[in-house]
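K.L.:
Predicted coordinates and the sequence they were generated for:
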Amino acid sequence: HNGHIGFNEPSDSFEKQVHCVDLTESTIEANKRFFESAEDVPRQAYTMGIKTIMQAKKILVVASGEDKAQIVKEAFFGHITPYVPASVLQLHNDVTLVADEAALSKIY
């Protein structure tokens with residue numbers, strides 16, 4: 001919903017490489033379905049930073065559902081900004097977006 005890539009949240013630097021992050025409450029909430037309870041969800045995680053991701057030869061992005069439509073539009077057709085981390089992918093020369101019709105519904 002916010003254009004994160006991995007655990008790189010809005011306002012994270014595009015210059016970070018692999019690093020440990022404190023998970024946001026919304027990330028903990030989104031991932032609790034994989035655990036017995038919200039208390040079991042880790043509060044920190046390692047993630048590839050944006051700089052590391054951008055060094056990949058090819059990048060695959062998957063989005064599904066109407067709730068992702070606005071952020072897909074912002075990430076791929078909006079301004080490049082740390083507040084929408086996926087927007088930096090506009091600068092990569094080989095990105096594939098796999099999305100359902102609902103996730104693409106705001107792209108005209």
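P.N.:
Nice, I can see it.
K.L.:
Let me see the residues that make contact with the lowest-mean-pLDDT helix or strand in the chain.
P.N.:
Lowest on mean pLDDT, DSSP states H and E among the helices and strands of the chain sits helix 25-31, with a mean of 89. Helix 25-31 is contacted from outside by His1, Asn2, His4, Phe7, Glu9, Leu23, Ala38, Val41, Arg43, using CB atoms under 8 Å, 6 or more residues apart in numbering. To be clear about C-beta, it is placed using only N, CA and C from the backbone, and glycine gets the same treatment.
K.L.:
Also stretch 5-13?
P.N.:
The contact list for stretch 5-13, computed with CB under 8 Å, 6+ apart, reads 2-4, 16, 21, 23-24, 27, 45, 47-50, 53, 82-86, 89.
K.L.:
After the least confident helix or strand of the chain, which helix or strand is next?
P.N.:
Counting by DSSP states H and E, the element after helix 25-31 in chain order, helix or strand, is strand 44-47.
K.L.:
what element comes up after that following strand heading to the C-terminus?
P.N.:
Once the chain leaves strand 44-47, the next helix or strand it forms, by DSSP H and E, is helix 50-54.
K.L.:
mean confidence for that following helix?
P.N.:
In this model, helix 50-54 has an average pLDDT of 96.
K.L.:
buried residues in that helix?
P.N.:
Neighbour-count burial for helix 50-54, counted by 16 or more other CB atoms under 10 Å, picks out Ile50, Ile53, Met54.
K.L.:
ok, now stretch 57-65?
P.N.:
Buried residues in stretch 57-65 (16+ other CB under 10 Å): Ile59, Ala63.
K.L.:
any chance of the contacts of helix 25-31 in CSV, plus distance to Asn93 and neighbour count?
P.N.:
Compiled in CSV, those are given as follows (distance: CB to CB, whole Å; neighbours: other CB atoms under 10 Å):
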residue, distance to Asn93, neighbour count
His1, 27, 10
Asn2, 25, 15
His4, 22, 20
Phe7, 25, 21
Glu9, 25, 20
Leu23, 31, 18
Ala38, 40, 12
Val41, 36, 18
Arg43, 36, 11
